[in-house]
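Enquirer: how does the following fold in three dimensions:
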Amino acid sequence: MRRLLKLQPHQHTGKPLPHRHTSYRVLALLLLMVGIFLAWAGWGIRQVAVANAEELYVSARVPAPIPSEPAVILHPSDGTVTNKPEITVSGTCPVTDPPVSVAIQGNGRLLGSTTCLDNGTFSLQVTLLLGKTTLVARTLTITDDYGPDSAPVTVTYTPESESPFEGGTSIHNKPGGTTTGGGQSSQKGEALIINSRKPFILFSPHKLAEWVGWISGGTPPYEITIDWGDGDLVTYKHLDSEEHTFSHRYEEMRPYAVQLEARDSSGAHTSAVFAAGTPYVPPASNLLLPHDYNIDIDPRMLIGLYGGYLSLLCIVGVLWLHAHHSGYTRLAPARVAMPARSKKRASKPLVRHRR
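Expert: Numbers count the residues shown, from 1 in each chain. Predicted coordinates:
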């Protein structure tokens, strides 16, 4: 391998050598590796640009398929009587692509929403109103299209003992919004209600998840805690009854359950759960392409890299031609070692003595 690449022994390291000792094979191998890397990087950048273009193309609003079959509430059963305000509503739902959301309404008021699972089931904990509540499960697509409603189920909430915090009726005092039921009443007797502008939250890689709503009833100021479902828990304090917008960015594109809990200054509290989903479908995974679609691609960067690589090729080529010129390919004349001259004994001059 050392002879193939014309590598010099380690004794010559750091010593200037003639041009004929330059290992151009090693330089050619390094340039080939750099060229392969630049070709891969250029291909990856083009794939990212194509993916971004496809994403922008499919981000247009296309009506999602509306399910033809309704959701079915299996629990609780019709005529259930409970002494607890929280109850889990579960059942079956139609499987579609993208999946639908199931919104639970009680007496016409939104109690919460969840995403239909791949196995065709749903489960959601809701807070009941005091007295009799008629539950209905409504299927909803990501494009705000409703499917058929489920058969109604009647549940009666009767607390064990009277207390100053009793469930009340919700107050729908904002146009165009939906009201979540349940909640406790303050000492004034007004139910504390979480009101949501929409029954579910929509997001994408380039769109933040936003919950838009307000709190009514109870005794202001209010406090609301939002659990976005990905480990991020945020609390907002000193809120009034005006509409507020809370946003969040999801790193992973999948369905989430966003839990909200509101409290007022008197200690009354209520909660609601909303489904968060995305119509975004990630492309097929590629081991050679990192799927980072948030980078800014500048075509001048790729042009500069290619230009620098071509310039390096030209410089190495000129040096190779210069090194293999006839003036440099001649062997250096061999130095002949001259034997050391032997030192002769100096003869003493003859001295003639006169007689």
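Enquirer: residue 133: what's its closest spatial neighbour, skipping adjacent residues?
Expert: For residue 133, ignoring the flanking residues on the chain, the nearest one in space by Cβ to Cβ, 6 or more residues apart in numbering is residue 106 at 4.4 Å. Yep, even glycine has a C-beta here, placed from its N, CA and C like the rest.
Enquirer: same check on residue 99?
Expert: residue 116 (5.0 Å).
Enquirer: and the gap between the one you found and residue 301?
Expert: Distance, residue 116 to residue 301, using Cβ to Cβ, to the nearest Å: 44 Å.
Enquirer: tell me which of the two has more neighbours.
Expert: Here residue 116 and residue 301 are compared on neighbour count by other Cβ atoms under 10 Å; more neighbours surround residue 116, at 25 against 12.
Enquirer: tell me which residues in stretch 132-149 are buried?
Expert: Neighbour-count burial for stretch 132-149 flags 133, 135, 136, 137, 138, 139, 140, 141, 142, 147 (criterion: 16 or more other Cβ atoms under 10 Å).
Enquirer: and the fourth one, what are its bridge partners?
Expert: Right, the one you point to is residue 137. Beta bridges link residue 137 to residue 104 when assigned by DSSP bridges.
Enquirer: quick check, it in contact with residue 101.
Expert: No: the pair residue 137 / residue 101 is not scored as a contact, 10.5 Å apart, by Cβ atoms under 8 Å.
Enquirer: low-confidence ranges in the stretch 1-150 of the chain?
Expert: Applying pLDDT under 70 to the stretch 1-150 of the chain picks out residues 1-24, 26, 44-61.
Enquirer: what ranges do the helices span in it?
Expert: For the stretch 1-150 of the chain, the helices defined by DSSP state H, counting those that start in this stretch occupy 2-5, 24-58.
Enquirer: now the stretch 151-300 of the chain
Expert: Listed in chain order, the helices found in the stretch 151-300 of the chain under DSSP H, counting those that start in this stretch are 299-323.
Enquirer: pick out the most distant pair among the buried residues of stretch 132-149.
Expert: Using Cβ to Cβ, the two most remote members of those are 133 and 142, lying 27.5 Å apart.
Enquirer: re the thing from before, if I look at the residue nearest to residue 99, how far off is residue 307?
Expert: 54 Å.
Enquirer: got the contact list for the residue nearest to residue 99?
Expert: 71, 93, 94, 95, 96, 99, 100, 101, 102, 122, 139 (Cβ atoms under 8 Å, 6 or more residues apart in numbering).
Enquirer: from those, list the buried ones, please.
Expert: Buried among those by 16+ other Cβ under 10 Å: 71, 93, 94, 96, 99, 100, 101, 102, 122, 139.
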